[in-house]
Structure formats: C-alpha cells, structure tokens
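> Show me the folded form of this:
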Amino acid sequence: MSDMQDVLLVTGLSGAGKSTVLRTLEDMGWEVVDNLPLSLLERLLDAPLPPSDAGERRPLALGLGARTRDFDPERIVARIGGLAEARGLRLGTLFLDCAGTELERRYAETRRRHPLALDRPAHDGIARERELLRPLREFANRLLDTTDLSANALAQQVRVDFGAVTGADRPVLTITSFGFARGLPRGADLVFDMRFLRNPHWVPALKPGTGLDPDVAAYVAADPAYKPAVSRIEELIALLLPRYRAEGKSYVSVAIGCTGGRHRSVHVAERIAAFLCDAGFSPTVLHRDLKAAPQDSLEGSPAAGHIR
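A predicted model of the protein is given here:
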C-alpha cells in the first residue's frame, strides 16, 4: 500500500455545490478544511495528527474559492504541483462548474449575494468569477458540472467517485441475532423473524446448545422451509446493500430474531454473514442474547411434533 497522502482540492464557481461536496467527503471519513489560505497548507501538513486518527493520515480535502483569504488561482496552480512532489502527496483537483442561468436561479432562491457582486446583480459576479477561476479549471483533473444535479444527487456522485479512497463506498454492516422475548435491537434497519422454523429449544438434547453448535444448526437447516426462506432473505439483503450505499447510508443493521435468541436466529445470522462475506461484504456479527439462560416460559408452547 502506498504511503502517499491523498489530497483533493475542491474549488469551482460559488453556488456550484462546494459545501455539499465537502460535507459528503467529511461524512465519508476525509479530513476537511475549507477556505484555508495556501500559505498555511504546509503548516497544516506538518501539524500532529489528532488522537482519533490513531497515527494514520486520512485523505485531506481542501476547499478553495472566492471567499478564501489571499485567493490567487494562478499562484495556487504554480505552487501546488511543486508542493505535491516535495511532500509526496497524491494530489487531485475537483472543479465544480455550473451554468450561469442555474447559478442565478440558486442565488435568487436562497436570497444570498454572490461574493464577487455584493452590490450588483449575481450575473456580474458569476461572469467575473468564471474568468478568475479559469487557471484552476484548466489545471483540474476532475470536472463536475452540477447544473442538473440536486444536492442529494451531487452527494451520491461524490460517494461513487471518492468512496473507494477511504473504503466508505460501502456502509458498515452489522448482523445481529436476538430474541423477541427480550425486545427488538435498537436501530435495526431490517428485521427478519425466524420463529417459523422448528425450535431446537423443545428437543432435550439440543436445548442446552446454541445455534453455533453443529447439531443445532443441522436441526434448524433440516426444516423444509429453511432453505427457500433464508436464500431469499440473503438475496434481498445483497440487493438492498448497494442501494443503501448509493443513498449514502453509513451504517446498516440487519436483525435476525427468534423467540429466545439462542438457537434459530444465531444459526441463521451466521449463515447470512457467511453468504455476505462470499459476496464481498464485511459484516460484523453480534449475538445479543446468546448467553441468556433458556426459559420455557419465554419459548411459549411446543409445536406439534416437537419432543419435550
């Protein structure tokens, strides 16, 4: 793995979406600094890392624009290349462009004044800024036109383009087994009920065990409904995860429940996690009620055919 630090300069026309891009990158784990004078960049790169970074440099996004103190696009272009080489930076520049008519609409809608036309129509400031930023536009290796993008669509595009840098292109995935008798897990996004499967609790030889034991797992898997139902659940989760990623969801919690949370839900959670690992995901598996003492009163009445 390269030890070069990723640095992204985010610039472009005022109103084209720089704030949305920087917020999205920050949510994805980037270190974000907006409107930092270029003269302070080297001091920033030399500054000690915060304790939360555990000694590893996160990718850095720098917002530059007309509001940045001592902003000089030609000087930035002349200096930044040499700085990247001297510091061992993997440097990129994202320029956000937008049609003038759309920018005028946005300023009219928000009733904000253009930073380069505080006492004149926004049109004048847009034209002036477009000319001012020409060196940065020509220098940029990424150009994104936001004319037809909503804030949400722009954020999604940023996640697609830059998520792989931090591994944030996929949400953090947790698979939790639990017992309905002790309540639903907090914050569960998807909940699947395994109480339709036959219950090992009512089999004396299996009751003391858990879904992690091979004999318990085999008993659960032998239920005729097991294979078609669990396979469909796996397919559904695999279908939904990319959609959650596209919507920018950082965490996805899948809860698998049975009555007591010790047998059926535990085994199914392990199986689903293994399936997702094979599909390229990295789930964390939690068994909330695995150590709870088995209680007949929690399990209800045994179904017909169960041995007591």
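> thought R67 was touching N35?
Yes. Contact criterion Cβ atoms under 8 Å: R67 and N35 qualify, at 5.6 Å. Every C-beta, even on glycine, is put in place using the N, C-alpha and C of the backbone.
> what touches both of the two?
The contact sets of R67 and N35 do not overlap (Cβ atoms under 8 Å, 6 or more residues apart in numbering).
> What is the neighbour count of the closest residue in space to R87 that isn't next to it in sequence?
Of all residues not flanking R87 in the chain, L45 sits nearest, at 6.1 Å (Cβ to Cβ, 6 or more residues apart in numbering). Burial of L45 is recorded as 14 neighbouring residues (other Cβ atoms under 10 Å).
> What's the per-residue pLDDT of L45 here?
Reported pLDDT at L45 in the predicted model: 78.
> in which helix or strand would I find it?
For L45, the host element (DSSP states H and E) is helix 41-46.
> Only alpha carbons, please: show that helix as PDB.
Extracted in PDB, the C-alpha atoms of helix 41-46 (Å, rounded to 0.1, in the frame of the first residue of the first chain):
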ATOM      1  CA  LEU A  41      -1.100  24.500   3.900                       C
ATOM      2  CA  GLU A  42       2.400  23.400   4.800                       C
ATOM      3  CA  ARG A  43       1.800  24.100   8.400                       C
ATOM      4  CA  LEU A  44      -1.400  22.000   8.200                       C
ATOM      5  CA  LEU A  45       0.500  19.100   6.700                       C
ATOM      6  CA  ASP A  46       3.200  19.300   9.500                       C
END
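> How far away from the center of its chain is that helix?
Centroid displacement of helix 41-46 relative to its chain, using Cα atoms, centre = their mean, to the nearest Å, is 28 Å.
> So which bits of that helix are buried?
L41 (16 or more other Cβ atoms under 10 Å).
> Tell me what G63 is bridged to.
Beta-bridge partners for G63, by DSSP bridges, are V10, D34.
> what sits against it?
10-11, 18-19, 22, 32-36.
> Over to E31?
For E31, the contact set (Cβ under 8 Å, 6+ apart) comprises 58-61.
> got CSV for these, with secondary structure too?
Shown next, in CSV, are the contacts of E31 (DSSP: H, G, I helix; E, B strand; the rest coil):
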residue, secondary structure
R58, coil
P59, coil
L60, strand
A61, strand
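> any idea which of the residues you listed has the most stuff around it?
A61 (25 neighbours).
> Looks like that one contacts L25 (just checking).
Yes. With contact defined as Cβ under 8 Å, A61 reaches L25; the gap is 4.6 Å.
> what residues are shared contacts of these two?
Contacts common to A61 and L25, judged by Cβ under 8 Å, 6+ apart, are 8, 10, 32.
> I'd like those residues laid out as JSON lines, including neighbour count and distance to G248.
Putting those into JSON lines (neighbours: other Cβ atoms under 10 Å; distance: Cβ to Cβ, whole Å) gives the following:
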{"residue": "L8", "neighbour count": "22", "distance to G248": "18"}
{"residue": "V10", "neighbour count": "26", "distance to G248": "17"}
{"residue": "V32", "neighbour count": "20", "distance to G248": "16"}
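> And those, which is closest to D189?
V32 (26.9 Å; Cβ to Cβ).
> quick one: the closest one and A238, what's the gap?
Distance, V32 to A238, using Cβ to Cβ, to the nearest Å: 32 Å.
> and L212, how many residues sit next to it?
Counted with other Cβ under 10 Å, L212 comes out at 14.
> So which bits of the longest helix anywhere in the chain are buried?
Secondary structure of the chain per DSSP state H: the longest helix is helix 226-246. Neighbour counts using 16+ other Cβ under 10 Å place 226, 229-230, 233-234, 237, 241, 244-245 of helix 226-246 among the buried residues.
> In terms of secondary structure, what does whatever helix or strand comes next after that helix contact?
Later in the chain than helix 226-246, the nearest helix or strand by DSSP H and E is strand 251-258. Counting contacts by 3 or more Cβ pairs under 8 Å, 6 or more residues apart in numbering; DSSP states H and E, strand 251-258 is packed against strand 172-179, strand 190-193, helix 226-246, helix 264-278.
> about what we covered before: can I get the buried part of the contacts of G63 as one ChimeraX selection?
Here is the ChimeraX command that selects the buried residues among those (16+ other Cβ under 10 Å):
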select :10,11,18,22,32,34
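> Need the contacts of G63 in JSON lines (columns: distance to L116).
What follows is the contacts of G63, written out as JSON lines (distance: Cβ to Cβ, whole Å):
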{"residue": "V10", "distance to L116": "18"}
{"residue": "T11", "distance to L116": "14"}
{"residue": "K18", "distance to L116": "15"}
{"residue": "S19", "distance to L116": "17"}
{"residue": "L22", "distance to L116": "20"}
{"residue": "V32", "distance to L116": "24"}
{"residue": "V33", "distance to L116": "22"}
{"residue": "D34", "distance to L116": "18"}
{"residue": "N35", "distance to L116": "15"}
{"residue": "L36", "distance to L116": "20"}
